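> I would like the atomic coordinates for the input below:
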Amino acid sequence: MKKLIVLLLLVSCSSEAVQVEEPPVTVVITTSTTSTTSTTSTTVDSDQMANDFLEYFKENEIKGYINLTEEETEKTYNLHMNSPEIFFWGEYTCYNNNDGMIEKALLDEYFPIFFENKYYFDEEFAVEDLDKNRYVYRIIDTYKCKLTYDDAENPDFISLYGRPFYQSDKWWIFEEKETKPIPVDTPGYFATWATRVELIDFEVVYKEWVSDSIPPKIVFYNCPESSIDGEMYNLEWGIISGNSDIDYLRIAIWKNGEYYTRVYFEKENHSDIFPFPLANTETYFEQPVSRPDEDGEIILEVFFATDDYYGNSTEASCIVTFEE
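Numbers count the residues shown, from 1 in each chain. So this is what the prediction gives:
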């Protein structure tokens, strides 16, 4: 189905649709710190306790490295790049923990690193094997799961740590396990441990979010091939959706190779001011591109990037050159 919508997006530093840039705010905080011998001693003891515990944990509680075949690595990587927002797991419904309180757990296997983000894991818990492959053994709870039919206002959630991985024809993820007494002190922040658990029927989720997922496209209908003699050019462009609704759009402009301005729209926050295209549609837009009030030749690169619900993304740009 082809859908025609004419939307004028005036991209400038004074855009009223979305606040683009805010001036930096400097906050000066004055504190007074008193250092004593006893405080320093406590800090050293605490650090030493953590180091002793981690040394013991790595030597005695971690089973080894999760080594995946080429096929397993490819499927795991693809899933990590299109991590599902929601999926059903037995009697549970699991939600991507984008906004909830984050918890961390120590894993009993070294987990291969495919997705890197400062919120996903701390670099100090990353290790390398003899082949320089990188792994991590402490990670956040990427998913929170509740009983599907629990309609309570504040249902109980359990955590799943990391992102799913594929091995031995099965999908796995880490869930919390009971700890056991060990001969070294355990710092409270290391008291949560996790072990792998099978994600039954997760191949259906993989098929929906990865195998059968069709990414969107950005198209230009009149990107100019020659310089523009005038003060404004009306760029005609469109989004051809895949099999998922569009939920994010970013428009940015570079002037003579340097960043100039931008505007973005998120479906969760801006659906009232931008008509986010639905799945399997082609939507037409018009983007006015104005010449800056400057002398000489001006080269503007108009950049578009969009994401859909399945996590697919695409980007494209058009060069508009204004003559001297």
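
> let me see the ranges of the helices in the stretch 151-300 of the chain.
For the stretch 151-300 of the chain, helices defined by DSSP state H, counting those that start in this stretch occupy the ranges 202-206, 267-270.

> among these, which is the most enclosed?
Mean neighbours per residue, mean count of other CB atoms under 10 Å, is largest over these for helix 202-206, with a mean of 17. For the C-beta atoms, the positions are set from N, CA and C on the backbone; glycine is no exception.

> how is this protein divided into domains?
With automatic domain parsing as the criterion, the domains of the chain are listed as 2-11+214-322, 65-211.

> which of these sits closest to M49?
Among those, the nearest to M49 by CB to CB is domain 65-211 (5.1 Å).

> still on that earlier bit, export the helices of the stretch 151-300 of the chain to CSV and tack on mean pLDDT and distance to A305?
Listed next are the helices of the stretch 151-300 of the chain as CSV, based on pLDDT from 0 to 100; distance: least, CB to CB, whole Å:
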stretch, mean pLDDT, distance to A305
helix 202-206, 96, 25
helix 267-270, 91, 14
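
> do you know which of the domains of the chain lies nearest Y56?
When the domains of the chain are compared by CB to CB, domain 65-211 sits nearest Y56, at 4.8 Å.

> quick one: terminal-to-terminal distance for the closest one?
27 Å (CA to CA, to the nearest Å).

> measure how far that domain is from the centre of its chain, please.
Its chain's C-alpha centre and that of domain 65-211 lie 15 Å apart, by CA atoms, centre = their mean, to the nearest Å.

> low-confidence ranges, the protein, go.
1-44, 117-118 (pLDDT under 70).

> the longest strand in it is where?
Longest strand in the chain, counting residues (DSSP state E): strand 134-147.

> okay, now the sheet partners of that strand, with direction.
Strand 134-147 sits in its sheet next to strand 92-96 (antiparallel), strand 104-112 (antiparallel), strand 126-128 (antiparallel), strand 158-167 (antiparallel), going by DSSP bridges.

> list the buried residues for it?
135-146 (16 or more other CB atoms under 10 Å).

> what does stretch 233-240 give?
Residues of stretch 233-240 classed as buried: 233, 235, 237-240 (neighbour count, 16+ other CB under 10 Å).

> contact partners for the closest residue to V184 other than its chain neighbours?
Distances taken as CB to CB, 6 or more residues apart in numbering place Y56 nearest to V184, at 4.8 Å, with adjacent residues excluded. By CB atoms under 8 Å, 6 or more residues apart in numbering, Y56 lies in contact with 182-184.
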